[in-house]
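Q: Coordinates only, no sequence provided:
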């Protein structure tokens with residue numbers, strides 16, 4: 001074992017478990033210590049975790065990853081970092097949610113105070129937190145009166161939720177409600193959520209507004225730890241990490257993992273980054289391009305001769321064709337003007353990369369090719385795209401292929417796609433509308449919680 005491997009084993013890797021959390025428990029604690037002070041007001045448990053034992057390892061078991069080759073395109077090697085291994089959620093938010101629930105349980109054990117985790121979400125954070133709380137209750141790590149979760153999502157994304165003990169048990173359903181907002185602006189769930197948690201100050205139960213990026217950075221650091229341990233870094237190939245993003249928490253967390261290893265002198269090649277977004281929320285790509293080009297990108301859409309779609313050729317970073325220039329391809333990505341855009345733009349300026357926006361039309365045009373590439377990596381995508389309830393994975397591959405074909409990627413030997421979410425339509429597993437409660441204000445949320 002060389003010096004760097006010894007340091008990695010001492011400071012980052014804890015066990016030989018398949019779970020990212022159990023395996024890199026020491027690394028997670030180090031990543032937490034290196035977080036900057038949070039600017040968020042209100043209650044949050046300390047970044048303190050329970051002692052790892054058999055029960056906690058079982059709880060963390062579903063936080064797994066897989067690395068696989070996808071083949072190549074335009075002479076470029078493509079790899080998949082599969083972060084969707086929890087079949088109950090199919091989202092990378094599983095890892096962060098398990099860690100948040102572990103911190104909440106540890107706080108409860110230390111203080112006796114009950115904790116209510118509250119999250120506004122487009123759906124992915126919400127279903128992952130509900131699954132994590134359900135796991136904690138099933139394993140007896142917490143009791144229903146001490147640990148609760150309340151989620152607030154746009155009504156249009158209820159299809160993302162899955163049935164578990166929190167929906168099927170009447171008492172647990174009342175304690176852990178699914179709240180949905182049917183207003184015109186999906187992002188309003190964050191404003192309502194913040195108003196609710198501000199008003200909850202002083203309540204006997206601790207209300208944790210869980211959107212702070214630090215909660216996700218420490219979890220997504222595991223992506224870097226996993227890449228370091230399980231991929232071949234000896235060939236000196238220059239990598240580009242691609243991700244379909246809303247606020248790019250995943251890539252920022254991955255970079256935090258690289259920085260954590262660097263603090264211990266563990267060498268790891270620095271990759272560039274490719275941001276993939278859709279037309280309805282493309283602010284991160286626009287911010288990045290504004291810095292790269294010295295001015296905001298300009299796109300002029302024109303109807304095709306038969307008026308069946310729109311096209312543009314002003315910028316290779318935007319769809320060449322779309323049925324709707326304002327298209328909302330994937331409601332998972334709903335954040336306008338994310339505050340993380342400057343951080344991601346700065347990373348791309350230092351390390352290389354760019355951004356690209358894709359359309360549904362482009363995703364469907366390349367669907368067969370995307371499906372073939374993912375199939376080579378052991379990731380099965382349905383032959384019928386109408387079965388997809390989550391487009392971020394297909395968006396990511398389409399963005400990579402378009403970027404390569406349009407010569408937007410330079411001085412790179414291989415591309416790594418962070419596979420963060422893919423749901424399939426499953427009416428039997430989706431909660432009934434009667435199992436969700438419609439709200440329109442912070443007062444409605446308080447009433448649903450029982451205050």
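A: Nice, I can see it. Nothing here was measured: the structure is a model prediction, and the numbers come from that model. Residues are numbered from 1 along each chain as shown.
Q: what bridges to residue 438?
A: residue 180 (DSSP bridges).
Q: burial count for it?
A: The number of residues packed around residue 438, counting by other Cβ atoms under 10 Å, is 12. All C-beta spots, glycine's among them, are computed from the backbone N, C-alpha and C.
Q: ok, it to residue 397 distance?
A: Here residue 438 is placed at a distance of 36 Å from residue 397 (Cβ to Cβ, to the nearest Å).
Q: Which secondary structure element is home to residue 274?
A: Assigning secondary structure by DSSP states H and E places residue 274 in strand 272-278.
Q: Walking through the stretch 351-451 of the chain, point out its strands one by one.
A: Taking DSSP state E, counting those that start in this stretch as the criterion, the stretch 351-451 of the chain contains strands spanning 353-358, 414-419, 436-439.
Q: buried sites along the last one?
A: Within strand 436-439, the residues scored as buried using 16 or more other Cβ atoms under 10 Å are 436, 437, 439.
Q: Likewise for stretch 309-329?
A: Within stretch 309-329, the residues that qualify as buried are 309, 310, 312, 315, 317, 318, 319, 320, 322, 325, 327, 329, counting by 16+ other Cβ under 10 Å.
Q: what about stretch 443-451, average pLDDT?
A: With pLDDT averaged residue by residue, stretch 443-451 scores 93.
Q: for stretch 285-299, same thing?
A: When pLDDT is averaged over stretch 285-299, the result is 95.
Q: List the buried residues of it.
A: When burial is assessed from 16+ other Cβ under 10 Å, stretch 285-299 yields the following buried residues: 285, 286, 287, 288, 289, 292, 297, 299.
Q: Kindly check the end-to-end length of that stretch for me.
A: One end of stretch 285-299 sits 13 Å from the other (Cα to Cα, to the nearest Å).
Q: ok, then the element right after the strand holding residue 274?
A: Later in the chain than strand 272-278, the nearest helix or strand by DSSP H and E is helix 283-293.
Q: What helices and strands are in contact with that next one?
A: The criterion is 3 or more Cβ pairs under 8 Å, 6 or more residues apart in numbering; DSSP states H and E, and the helices and strands that helix 283-293 contacts are strand 272-278, helix 341-351, strand 353-358.
Q: quick one on the thing from earlier: looking at the buried residues of stretch 285-299, spot the one nearest residue 84.
A: Of all the buried residues of stretch 285-299, residue 84 sits closest to residue 285, with 23.3 Å by Cβ to Cβ.
Q: isn't the closest one right up against residue 353?
A: No - checked against Cβ atoms under 8 Å, the pair residue 285 and residue 353 is beyond contact range at 11.1 Å.
Q: Mutual contacts of these two, please.
A: Common neighbours of residue 285 and residue 353 are listed as residue 275 (criterion: Cβ atoms under 8 Å, 6 or more residues apart in numbering).
Q: now the helices for the stretch 51-200 of the chain?
A: Ranges of helices within the stretch 51-200 of the chain are 54-60, 93-111, 124-138, 165-168, 170-175, 188-199, based on DSSP state H, counting those that start in this stretch.
Q: so what's residue 396 up against?
A: Residues counted as contacts of residue 396 (Cβ under 8 Å, 6+ apart) are 242, 243, 244, 276, 417, 418, 419, 420.
Q: What of residue 224?
A: Contacts here follow Cβ under 8 Å, 6+ apart; on that basis residue 224 touches 254, 255, 256, 257, 258, 260, 261, 268.
Q: Next, format these as CSV and append secondary structure.
A: CSV is the format used below for the contacts of residue 224 (DSSP: H, G, I helix; E, B strand; the rest coil):
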residue, secondary structure
254, helix
255, helix
256, helix
257, helix
258, helix
260, helix
261, helix
268, coil
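Q: ok, which pair from the residues you listed is furthest apart?
A: Checking the contacts of residue 224 against each other with Cβ to Cβ, the farthest-apart pair comes out as 256 and 268, at 12.6 Å.
Q: From the rest of the structure, what touches stretch 7-19?
A: Where contact means Cβ under 8 Å, 6+ apart, the residues beyond stretch 7-19 that reach it are 1, 22-27, 30, 52, 57, 60-64, 225, 228-229, 260-261, 264-266.
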